[in-house]
Structures are given as structure tokens and as C-alpha cells.
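>>> Dropping a prediction and its sequence here:
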Amino acid sequence: MISAWAVEAVARLDAERERTPATPLRRFPLPDGWQVRLWLKDESTQPTGSLKHRLARALFRQAIASGRIAEGTTVVEATGGAMAVAQAHFARLLGLPYIAVMPEKSSGEGVERLGGTCRHVDPPLAIYGEAEKLAEEVGGHYLDHYAAAAAVDWHGGDLAEELFGQVAECPHWVVVDPENSAYFPGWASGAADYSTGMPSRIEGIGRPRMEPGFVPDLVDLVVPVPDAASVAAARRVRQDTGLPVGAATGTNLWGALELITRMRAQHVRGDVVTVIGDADPRHLRTCHDDAWAESRGLDWRPHATRLERLLDHGEPW
């Protein structure tokens, strides 16, 4: 039997979805004559400012509908960054305690601002076991979005459904992966348990292990992107849109341009869509800051020159 609280909680989540407008498609300028259009699906306009907002809402809804989250349940997650902020937002909306277990170097400022609690652990891979243990200790629910994402019931409001209503033709797709992430080598080798054990330097993208939510058989192409190229491309997005995007958006742009180059070589016309994952002034202190990049050994300048030659002068990629 579904409780009155669960009915009300699901109604709140559905109402939040209904009043959230579709995120815009922004045309990214490409040289004349390419016969390919590149669109940026701007998820930074979500209420919590990132791509993770949709998934966080769907995860809460599914966990409540299935009885795993009830009134007063402490919600625990192993994550940092934008996903933790989005989940903290929905926990506050529903009046639920929220704890994010995150790597030692992750900032929990956004979570704490929304009333959540952060627990930092080291090494980074320890977040999973610690979150599961903590949820058991407090009698809470470990949301485990990396495992749940593959089977989540979006119940409307998912990005793909919205996107297909905005573009005239089905776009080509691309998956990108930064350095230190397990997805590209795991996908290429067929090793479902591949692990690098190393955290990504690009916030919001890349994992040290193959997560259950990643389904390799659905992926046609994975483009590994150097971290310095992600920084350069994030700066290019800011130059052309004015948005202070994160380096993960730069990773997306670089991968999209790799795909467009392949399309042009094969004389394929069409639309390519990639995502602005978030855009926040905090990125001005990271990937858009020369001192930050240099302190991490990321020489973005050669990649910026390559982007300039391609996009401004139409030279070969």
C-alpha cells in the first residue's frame, strides 16, 4: 500500500518536472559550407544548473514509488559535484536528510548550501563501500545512481525525448571519455570490470571503473579526449556563447568535432548534438584560469590553436 507521504512526494517531483521548461538548443558556429550543424543542448538552465538534474529527479521518483525511500529516510549517495547538488536539491524539496560521500578533494559547498551533509573519504574508489556501509548504519537508502541509471524509469522529462522534439532529423551521436577514465579502455577491450583506480581531472565526466549504468553494446563510438584539449574546448565554448562552462563540456565539444570531421570525410550531412553539462562562475577559477591549468600540467594552448585553425580558417582537423 502506498503511503500518503509517497503520493505527495511523487506529486511534488512531477510538479517540479512540469514547471521546468525545456532546455534550449544553442547553435555552435561552424565554417560555411560544411553541411553539418552542431547544436549544444544547454542543460545549465536546469534548476540546479546541470545535466544531472533530470537523473536525480528520476532516481528519487523511482525509489519512492518502489518503497525504498519513505518519509524521513536518510538518502545516501556516493558522488560529488553536480550530481550531489542535484540530489541535495530534491532531498530538501521532499524534506529528507541527505548525505553525499565524496572523494577527499571534492568540494561539498553546494550540497551543504542546500542542507545536505558531506563525508569525504580517500582513496576515491572507497566512496562506494563507504556509502553503502553508511546507509546501512543509519537505516537509510543508498541511491547508487551509477547502478540505477541503466534501468531508471524516467516517467517523462528525459533528455532524449525532449531533444527529439526540438530537432528536425535524428542527430548523430558520440560518447567521449577523458584521461584516467575506465570507459574507453573498458569499451575497447570488452572488459566489463575494467578499472583505472585513478580519478578524472575533468569534473563531471569519467569514472575510475566501469559503472553498471554504462551499457557498452549501445555505444557505437567512444572518443578519448586529452584533458588539455577539454580545457581548450571549454574556453572555445565560452568564447562563442559567453557561458562559463566546465571542462566536461569542452570534452563534449572536442568529441563532437572529431565526429563531424569523420562525417565530412564520408560526405555525410546532418545534425550533431552535444551537451552543455553545466555553466557556473566557479569554472572561471578552474579550466578558464591559466594558473589552474598550468598547476595541473595541462598545456591547452596547442589544442586552442588547433581549434582556431579548424573553426576560424577551415583548415583540416
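Thanks, I have it.

>>> Surely Gly204 touches Thr79?
No: at 10.4 Å, Gly204 and Thr79 do not qualify as touching, with contact defined as C-beta atoms under 8 Å. Every residue, glycine included, has its C-beta placed from N, CA and C.

>>> can you map out the helices along the protein?
Here the chain has its helices, by DSSP state H, at 4-18, 52-65, 81-94, 109-113, 126-138, 145-148, 159-164, 183-189, 227-241, 247-265, 290-295, 301-313.

>>> More neighbours: which of Gly204 and Thr79?
Thr79 (25 against 20; other C-beta atoms under 10 Å).

>>> worst-scoring helix or strand of the protein, pLDDT-wise?
strand 175-178 (a mean of 78; mean pLDDT, DSSP states H and E).

>>> Outside of it itself, list whatever touches it.
Contacts to strand 175-178, defined as C-beta atoms under 8 Å, 6 or more residues apart in numbering, come from residues 183-184, 200-202, 205-206, 219, 221-225, 227, 230, 248, 251-252, 254-255.

>>> at 6 Å what do you get?
183-184, 200, 202, 205-206, 219, 222-225, 227, 251-252, 255 (C-beta atoms under 6 Å, 6 or more residues apart in numbering).

>>> from the residues you listed, which single one is nearest Asp153?
Val219 (21.8 Å; C-beta to C-beta).

>>> gap between that closest one and Val272?
16 Å (C-beta to C-beta, to the nearest Å).

>>> Which one of the two is surrounded by more residues?
A direct count of neighbours by other C-beta under 10 Å for Val219 and Val272 places Val272 higher, at 20 against 13.

>>> pretty sure the more buried one contacts Gly255?
No: using C-beta atoms under 6 Å, Val272 makes no contact with Gly255, being 9.7 Å away.

>>> before we move on, the earlier item: now for the helices of the chain, which one comes closest to Phe214?
Proximity to Phe214 (C-beta to C-beta) singles out helix 183-189 among the helices of the chain, at 6.0 Å.

>>> For the closest one, which outside residues touch it?
177, 194, 210, 216, 222, 224.

>>> Skipping adjacent residues, who's closest to the second one in space?
Excluding the flanking residues, the one nearest Tyr194 by C-beta to C-beta, 6 or more residues apart in numbering is Gly186, at 3.3 Å.

>>> And the one you found, how close does it get to Met83?
Counting by C-beta to C-beta - Gly186 and Met83 are separated by 21 Å.

>>> likewise Trp254?
Here Trp254 is placed at a distance of 22 Å from Met83 (C-beta to C-beta).

>>> who's more crowded, these two?
The neighbour count for Trp254 versus Met83, taken as other C-beta under 10 Å, is higher for Trp254 (28 against 25).

>>> wait, isn't the more buried one in contact with Ala229?
Yes: Trp254 lies in contact with Ala229 (C-beta under 6 Å); the separation is 5.0 Å.

>>> just to revisit the earlier point, now, the contacts of helix 183-189 that are in strands?
Using DSSP state E, the members of the contacts of helix 183-189 that fall within strands are 177, 222, 224.
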